[in-house]
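Undergrad: Sequence below, structure please.
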Amino acid sequence: MHISIAGNIGAGKTTLTGMLASHYQWKPHYGDVDDNPYLDNFYNDMSRWAFHLQVYFLGHRLKKLKLLQNSKENIIQDRTIYEDAYIFAANLYGMGLLDSRDYATYKSLFETMQSFIEAPRLLIYLRASIVTLLEQIHKRGRVYEKSINEDYLIHLNERYEAWIKNYNAGPLLIIDVDAINFVENPDHFHIILRRIDREIFSKKLKKTS
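TA: As a prediction, the model looks like this:
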């Protein structure tokens with residue numbers, strides 16, 4: 001079984017991935033953004049490094065995703081390959097940081113790669129306001145994220161909402177991070193667990209009964 005968590009920068013994907021992996025004894029797989037050799041360059045000069053960054057993410061994520069989907073383990077993944085295309089690359093193009101030629105090349109690559117992957121058994125989307133995102137980004141203190149500005153997060157949130165509104169590849173669970181503090185409130189975390197149990201295990205039992 002393959003579960004994925006999606007959400008804007010600072011929404012809490014990595015934290016929730018770890019918590020759910022521990023609870024369900026699923027194997028966690030993280031986004032590994034720290035390993036991207038273009039990340040520091042990108043945040044300092046977005047227009048110069050946008051295409052390089054996105055192509056690296058796309059290839060890296062496809063390689064990992066194929067390994068996960070061929071595995072017989074129950075997997076929970078922080079970040080999806082869809083976000084690379086529908087959120088980040090599209091946003092960079094909309095902001096004028098990817099030119100038309102590079103964006104067309106990127107979309108062609110993604111469309112080819114998409115034909116080789118399966119949608120997750122469940123997509124969990126962490127919805128968060130800009131205030132919450134900025135607070136959580138500040139708390140974790142990653143050096144390369146210091147230059148992220150509010151406008152950039154606003155544009156990403158708009159892209160996320162448009163994508164989620166039209167998402168139809170499989171079951172979708174939306175978590176309002178502003179209202180559900182799953183990190184500090186155990187009751188809130190159990191709300192998420194109950195919703196996942198209903199979505200995955202209850203429906204699975206109905207199908208097999």
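Undergrad: Please count neighbours and contacts with C-alpha atoms only from this point.
TA: Will do.
Undergrad: wait, doesn't V183 sit right on H190?
TA: No - contact between V183 and H190 fails when scored by C-alpha atoms under 8 Å: they sit 10.8 Å apart.
Undergrad: Could you point out the longest helix of this structure?
TA: Secondary structure of the chain read by DSSP state H shows that its longest helix is helix 46-70.
Undergrad: Please enumerate residues in contact with the helix or strand following that helix?
TA: Secondary structure here is assigned by DSSP states H and E; on that basis, the next helix or strand after helix 46-70 toward the C-terminus is strand 75-78. Here strand 75-78 makes contact (C-alpha atoms under 8 Å, 6 or more residues apart in numbering) with 1-6, 13-14, 17, 20-21, 26-31, 68.
Undergrad: try 10 Å
TA: Residues from elsewhere that reach strand 75-78 (C-alpha atoms under 10 Å, 6 or more residues apart in numbering): 1-7, 12-18, 20-21, 24-32, 65, 68-69, 120-124.
Undergrad: Can you tell me which helices and strands the helix or strand just after it packs against?
TA: Elements were assigned by DSSP H and E; along the chain past strand 75-78, the next helix or strand is helix 81-83. If contacts are counted by 3 or more C-alpha pairs under 10 Å, 6 or more residues apart in numbering; DSSP states H and E, helix 81-83 sits against strand 2-7, helix 46-70, helix 100-114, helix 150-165.
Undergrad: Flag every buried residue along the longest one.
TA: Of the residues in helix 46-70, those buried under the neighbour-count criterion (16 or more other C-alpha atoms under 10 Å) are 46-47, 49-51, 53-55, 57-58, 61-62, 65, 68-69.
Undergrad: Low-confidence ranges, this structure, go.
TA: 31-34, 141, 143-144, 146-147, 203-209 (pLDDT under 70).
Undergrad: The same query, at a cut-off of 80, please.
TA: Judged against pLDDT under 80, the low-scoring parts of the chain cover residues 31-36, 43, 68-70, 139-149, 201-209.
Undergrad: thinking again about what came up before, nearest to P37, of the helices and strands packed on helix 81-83?
TA: Taking C-alpha to C-alpha as the measure, these were each checked against P37, and helix 46-70 came out nearest at 8.2 Å.
Undergrad: circling back to that earlier point, PyMOL command to pick out the buried ones of the contacts of strand 75-78?
TA: Selecting just the buried residues from the contacts of strand 75-78 in PyMOL takes one command, with 16+ other C-alpha under 10 Å as the test:
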select buried, resi 2+3+4+5+6+7+12+13+14+16+17+18+20+21+26+27+28+29+31+65+68+69+120+121+122+123+124
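Undergrad: Wait, H155 touches A89, no?
TA: No - at 11.7 Å, H155 does not count as touching A89 under the criterion of C-alpha atoms under 10 Å.
Undergrad: Can I get the helices and strands packed on helix 81-83 in TSV including distance to I137?
TA: Conversion of the helices and strands packed on helix 81-83 to TSV gives the following (distance: least, C-alpha to C-alpha, whole Å):
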stretch	distance to I137
strand 2-7	13
helix 46-70	19
helix 100-114	28
helix 150-165	11
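Undergrad: Would you mind telling me which of those is nearest R198?
TA: Closest approach to R198 among those is made by strand 2-7 (14.3 Å; C-alpha to C-alpha).
Undergrad: Just the C-alphas of the following helix or strand past the closest one, formatted as PDB.
TA: Taking DSSP H and E as the definition, the helix or strand that follows strand 2-7 towards the C-terminus is helix 13-24. As requested, the backbone C-alpha atoms of helix 13-24 are provided in PDB (Å, rounded to 0.1, in the frame of the first residue of the first chain):
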ATOM      1  CA  LYS A  13       4.400  16.800   5.700                       C
ATOM      2  CA  THR A  14       7.600  15.300   7.100                       C
ATOM      3  CA  THR A  15       6.400  15.400  10.700                       C
ATOM      4  CA  LEU A  16       3.100  13.700   9.900                       C
ATOM      5  CA  THR A  17       4.800  11.100   7.700                       C
ATOM      6  CA  GLY A  18       7.000  10.100  10.700                       C
ATOM      7  CA  MET A  19       4.000  10.000  13.100                       C
ATOM      8  CA  LEU A  20       1.900   7.900  10.800                       C
ATOM      9  CA  ALA A  21       4.700   5.600  10.000                       C
ATOM     10  CA  SER A  22       5.300   5.000  13.700                       C
ATOM     11  CA  HIS A  23       1.600   4.400  14.400                       C
ATOM     12  CA  TYR A  24       0.800   2.100  11.500                       C
END
